Structure formats: structure tokens, C-alpha cells
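[1] Sequence plus the predicted model coming up.
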Amino acid sequence: MAAVLLSVNQVSKSYAARLAVDAVSFQVLQGQTIGLIGPNGAGKSTTVGMICGLLRPDSGSITMDGQPITQGPSAAKQKIGFVPQDLALYEDLPAIENLKLFGALYGLKGDLLKQRCEQALALVNLADRAKDKPSTFSGGMKRRLNIAAALLHDPQLLILDEPTVGVDPQSRNAIFDTLETLKAQGRSLIYTSHYMEEVERLADHIVIIDHGKVLADETPAALYQRLPAQAALRAELAAEPSAALLSGLQAQPGVTAVERDGNALNIGLTDAVHAAPVLAWLAAQPGSSLLHFATAKTSLENIFLNLTGRSLRD
Amino acid sequence: MTALIALIRKDLILYVNDKRALLLHLLMPVVLAAFFGSLFGGGSEAKTSKIEVGLVLLDQSDSGKKIADGLKADSSLKITELSDAEAQSQVREGKLPVAVVIPQGFGERAGDALFGGRDKPQIPLYYDPSQSTMLAMVKGLLTQQVMQVTTASMMSSNGSQVTDKQMARLRDSDASDTEKAQVGEFLGSLKKFQDQRATSAETKAAGSKASTGMSVPYTTQDRALSSGPKYNGYAHSFAGMGVQFILFMGIDMGIGILLARRLGIWNRLLAAPVSLTTVLMGRAVSGALIAMGLMCAMFLCAMLIFKVEISSLAGFLGIALCFSLMTAAFGLLIAAFGKTPEAARGIAVFATLIMVMLGGAWVPSFIFPEWVQTITLVVPTRWAIDGFDAVTWRGLGMAGAIGPMAVQLGFAVVFGGLAIWKFVRDQHK
């Protein structure tokens, strides 16, 4: 088993009377990508702020590679790269100068600093814009530079707080290519987002947080196992289905739930592989002319809904 | 490159690249200082402006003409002869601050009134009520001319007839015998003196232009005193405008921190393994360097273009450095206590304008009421401007700079200490 890189232990944080983070605990292993998900106000940013040493926990502890993370200069912070949700760049400072600044804050200097800046710019495909100011960049390019600024000191853990906000699909794909490269290099990532498809694409472990508490801390597969239905099938019939058809359908292998919606049926399946036999069974039933059908995989959105009773974007 | 140097370097690059800020902080003060400097006397060679005075000369006697000639010869006045109606009209319209009327027979009646004190002739003075200070100055210069001409006339042979009249009046007066005897003795001596002058004048034919008796018993020798170079109005103006616009730069510096907080850059800086104090120090040092550079550049312009002389380079650099540190600390204070960039800017600009006004940046502080002048001693700008005055045209050297430097440093420590205390307190919340 991989070594524990980051350990968050029973961390709490209050703002006046409001408890923003309530005894949160989770771990990040070496090379692991954690998806930290939750709606606005769930406590994600406060948790990330404490991991980055920007906020002081009221109680609990956070260690990075065994060293405590504190405000101010700590050795643990040297191992973390932080990509804030905001475009935290000096818009009127050339891209290369932005990188030199952030590299120098982590103790880089001379040729090594120059080399790391060039590597980071190349990784995010901005090598040809090194001398240009971010104020002349597109939103996607700024996001990529925002990531590059966090990579200069070769951190073991990269924390990305909603790095694709306000980015067009093409730029989003470019960012994902970069992150997948980093992941392939064995770097650990914490990725917070509202977009479940992004988290599903990257994360091999998911922490769901709401009202300051951790609701789930599992692999995606284990999370899906929590749901009775892993896939869904919607079938539209020519006529309203009979009660006999519904009970017969319920008895088919792999069917977890059947719900009538006018002439249509919403069918829950334990796995998508059961969709074809169920459709064949439906088509064979007398008086059930099948007009259309569609299949869908259950998403993290459904899991979140199942856990909290509300949508992620509420 | 250490973190601190990187932070300072970043700010310097950003500032130099910001042409708008450079224009505001360097060019504007030079232009305004040139303007204010010319208003307050300009260079040491500049001539003082004359008071324009209208003169209505109705007394064509020798004395009347001499008074008019004396007024015209005064370097402080610019005399224009007018009719009475013209004089009144021009004063009413604000074209002249003061007009003097020398009435018919004034010279003779003034001589009569010199000893008796009765039936004093009047000189009508028309003045613009918005320029009443001019009235006092013109009155003083007029008194000087009238006394000089009247006494000279009385001491000459021409005054003999007036003395005869005075003696006749004395005989008919109700004065006591003792008083009559004393004044009569004085007038008799005067008459004798006047008669001797007449005889002497006949023998010497042309007569002498030398003193003819009583005159104003002094003349003035005007010397502008300072320990250093001649007074140069531009030196004070450059100090005032420099202080004002560099404080504006300090405000921009503080607002920059608030914007960095809003944009998330502040968090990114603090996520690095550097202390809050390092980040704040980086901003303060870069702010102080920019302020110092601006002040030196401004005074270089003042020296090259307006011939301002720096009498103590060490004193100047010391004052500039301490003021720059105070400015940087002022910027941090704005950032520490400002809630939003917009609100902080409004309050800070207001506070700065009050400080520079009280500090004497716009007009010299001596024209303020005494209680205001006392209050200005707790305003850092007053000390900065006094310090720059001390090391430029006053020529007081390092000795004159040490006090203002110490006060500036004191303010820097207080402002900076308060700012860091607030930042640290907020960080620990």
C-alpha cells in the first residue's frame, strides 16, 4: 500500500458562531488523486485553506509527509502546490516573471528557477507566450498559467480548487491533459469541483463533504456500490403499461426498481449489462409496443443526491 | 533570489510598467510644483509683484507733485494717474485694489496741520473690499511720502509763511502763558532756521539738493535671510507636491494589497513557505524604494529646470528616506484597516489631502491660525515639508534635518506597527 502523504485528522474550524468544518478527517496517499466534492458552503474551501496553511484549525491537525502544516514558513508547505480558484496572477507582469516570483517564494533561484519556469510553461503549452502579460491571455490560458505557477517547486501534492471555472470545453480538455500527465508522473492531487464528470475522470478516491462534515470517503466503485441502481433504462411504450407488465419486469434479473411515467418506464439496473435482456423481454410481451429506449449510467450526482437529499448545485 | 527580493522586484517591475502611475506620481507633481513655485516667488531672481494704485492728483502745488513723484518712485507701487471718476470706476470694477486722491491745497493744509493739529486735510482712499490688505500697505507707503514731503517743506524757506501763520494763531489762542512761551520759542527758532535757509539758498544760487531739514529718520535695508542658498519658491513647492503625490502612491500601494486579497493573489503568496511579515516587508520595501526614487527624480527636475539648490545632500537623502518609509507604512496601514479597495481609497485620499493641506504643501503653514499651526505638529507631512525646506533653501544642513527625520521614522514605526498587528490578528482569526 502507498504511503500516506497528507493526513487530515479531526479538523474543525468556526467563523464566529458558524461551524464551517466539523471534525473532518481523510488521507491522501502517495500518487493518489482525491476528488473533494460538495455544494457551495459545504466547507471545501475552508478545508483547502487549512491544508495550505492559510487558515489555522480550531482543533485537529494536518500533517504533510509527517510534518505539521502551520501558517507561515513550514517545511510541509514546501511539498504542496496550490492552484487557487481565482486567477491568482499579476496580470501586468509577464508570464515568465509571474513564474519567477512564485518559484522564488519556494526557494528556487538561478538556473534551476529558469529551467523550472521553462518546463512549467512547456507543460501547459505556453512556452511561446512566456514574455507576454496574462492580461493578453484567454481565460483558458490564464488557468493553465495558474496551474504552472503551482508546479515550479515540484510539489508532491497539488491542490486544485475548481481549476476549470469559466473555461471553454477546449481549454478544459487542455487542462485535463495537463492534470493527467501530472497524475501519470505519480504526483498526488486534490481536486475540488462542482463538475462530477471532471472528478470521475480524474479521481481514484472521492471525499464528499456537506455542512462541514465528511459524508463519504471512498473509491468511486465503492460509492456506486452504495446505490441500488448502477445503471438506468428508460423505455417508451405505445400504450400505458399494465400492472402485470410492471410486476413481470420487476422480477427480471438485474432490475432493482421500476417506475411508471405515463407511457414510459424508468427501470433501475444493477449493471448496464442487464439492459439488453430487459429490453428483449419487454419487446416480447404482448401489447407492449416499444417505441424508444435510452440507457444511462448512474453518476456521482445521483450518489450525492442519495447521500444528502439535495443536488450538488443547490 | 530570496523570497523578499523576488517580492520587491515584482513590485518594481509592475510599477515601472504602469505608465499611468508614473505619469501621475512623477509628471503631475513637477507640473504643479512649477505652477505653485511661480506663484510663491519662483526663483531667487524673480521680482516681487507691484501693487497697482490709482492716483488722482488734484493738488498741483509743489508739495502735491512731490508726493505724487515719491509714490511713483516707490518700487512696491505701480501708479496710474486717473481722474476721480475713473479711479472710482476702476476700483468698483475690481481693476484697481486702491486709488489715492490728493485733494487741491493738500500740501499747504498739511503743513498748517503739522504743528497745530487742527483742520487736518483728508486724503480720500478708494479700495476694493475684497483686497483690504492692500489698503493697509498703501496707507503705510502714503504716510511715508506725505511726512517726508511736508516736513521737508516746513524746514525749507518755503515754510516761513506757514510759521508766521502759526505764530499769529498762537498769540490769539487760549493757551496758557507758559505754553504760549514754550511753543513760541520753538516757532521762533524754526522761523530763524527758515530765514537762514532762504539767505543760504540765495547765496548758493542754485541751492542744494541735500537734506532740507526733517525727514523720515531711517531707511530700510531688505535682506532675505537663510543659512543656505537664496530663497527659491520652487524648493518649497517641489517638497509640497512631492509629498502629496508620493502619499498618493502610498495609497495605491495599500489598495494594491486589498486588490491582491480580493483576487486571491494574497492567499497564493501566503500558501508559500514564507511568513506574513516577509510578504508585508516586501511590499513596504518596494513602496519605500519607489517613493525614494520618485522624490529624488522630482528634485533632480527641480535642480535642473528651476535651479533649486540642495544645501545638504546627506540631509536631503535622510529626509527622503524617512519620508519614504513613512509613506510605505501609511500604505500598509490603509491595507490593514481598509475593508474594500473602493472604500479605503476614498477615505485615504481624503485623509491625505487634509494632511498635505495642514502640512503646508499647498500654501505655507504660517498663514494658518495659531491653533491650526499647533495641530499641524502632529501631522507627518508638516515635518516632511519642513525637513525638505531645511535641507534646500533654508540651508540648515543635517542639523535641521535630524528632527524631521526622527519624527518621520516615529510615524513610520507607529503606522507600520499598527498595520502588522492588524494583519497578524486577522490571520489568526
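    Right, received. Where do you want to start? Residues are numbered from 1 along each chain as shown, chains lettered A, B, ... in the order given.

[2] And the residue of chain B positioned farthest from its centre, how far from residue B:188?
    In chain B, the residue that sits farthest from the middle, by C-alpha atoms, centre = their mean, is residue B:177; the gap is 56.5 Å. If you measure residue B:177 against residue B:188 using C-beta to C-beta, to the nearest Å, the figure is 16 Å. In short, each C-beta sits where N, CA and C put it, glycine included.

[3] do the same with residue B:122
    As for residue B:122, its distance to residue B:188 is 31 Å (criterion: C-beta to C-beta).

[4] okay, these two: which has more neighbours?
    Using other C-beta atoms under 10 Å in any protein chain shown as the criterion, residue B:122 and residue B:188 rank with residue B:188 on top: 12 against 9.

[5] That one belongs to a strand?
    No. Counting by DSSP: H, G, I helix; E, B strand; the rest coil, residue B:188 is located in no strand; its state is helix.

[6] Okay, now the unreliable bits of the stretch 201-350 of chain B?
    Applying pLDDT under 70 to the stretch 201-350 of chain B picks out residues B:201-230.

[7] Okay, and residue A:240 sits in which element?
    Per DSSP states H and E: residue A:240 is located in neither a helix nor a strand.

[8] Quick one: neighbours of it, just the number.
    By other C-beta under 10 Å, 10 other residues sit near residue A:240.

[9] which residues in the stretch 51-200 of chain A form helices?
    A:95-105, A:110-123, A:139-148, A:169-184, A:196-202 (DSSP state H, counting those that start in this stretch).

[10] quick one: contacts for the residue lying closest to residue A:141 once chain neighbours are set aside?
    Once flanking residues are discounted, residue A:141 sits nearest to residue A:126: 6.3 Å by C-beta to C-beta, 6 or more residues apart in numbering or on different chains. By C-beta atoms under 8 Å, 6 or more residues apart in numbering or on different chains, the contact set of residue A:126 is A:95, A:141, A:144, A:145, A:148.

[11] Now do the phi/psi pair for residue A:126.
    phi -130, psi 20 (degrees, to the nearest 10).

[12] And residue B:57, by the same measure?
    Backbone geometry at residue B:57, expressed as degrees, to the nearest 10, gives phi -100, psi 100.

[13] Report the separation between it and residue B:91.
    Residue B:57 is 16 Å from residue B:91, by C-beta to C-beta.

[14] Could you break the chain into its assigned domains?
    As the question left the chain open, I've gone with chain A. A:4-219, A:231-297 (automatic domain parsing).

[15] Wait, chain B was what I had in mind.
    According to automatic domain parsing, the domains of chain B span B:3-40+B:237-427, B:51-203.

[16] Just say which of those is most tucked in.
    Ranked by mean neighbour count under mean count of other C-beta atoms under 10 Å in any protein chain shown, the domains of chain B are led by domain B:3-40+B:237-427, which reaches a mean of 20.

[17] OK, contacts around the residue nearest to residue A:75 when sequence neighbours are not counted?
    Nearest residue to residue A:75, sequence neighbours excluded (C-beta to C-beta, 6+ apart): residue A:67, at 5.4 Å. Neighbouring residues of residue A:67 by C-beta under 8 Å, 6+ apart: A:74, A:75, A:76.

[18] go on, residue B:320?
    B:292, B:295, B:296, B:299.

[19] Next secondary structure element downstream of the host helix or strand of it?
    If you go by DSSP H and E, residue B:320 is part of helix B:313-337. Next helix or strand after helix B:313-337 toward the C-terminus (DSSP H and E): helix B:341-358.

[20] how far is the helix or strand that that next one is followed by from where the chain is centred?
    Sequence-wise, the next helix or strand downstream of helix B:341-358 (DSSP H and E) is helix B:370-375. Mean-position distance between helix B:370-375 and its chain equals 17 Å (C-alpha atoms, centre = their mean, to the nearest Å).

[21] before we move on, back to that, out of the contacts of residue B:320, which are inside helices?
    Members of the contacts of residue B:320 lying in helices (criterion: DSSP state H): B:292, B:295, B:296, B:299.
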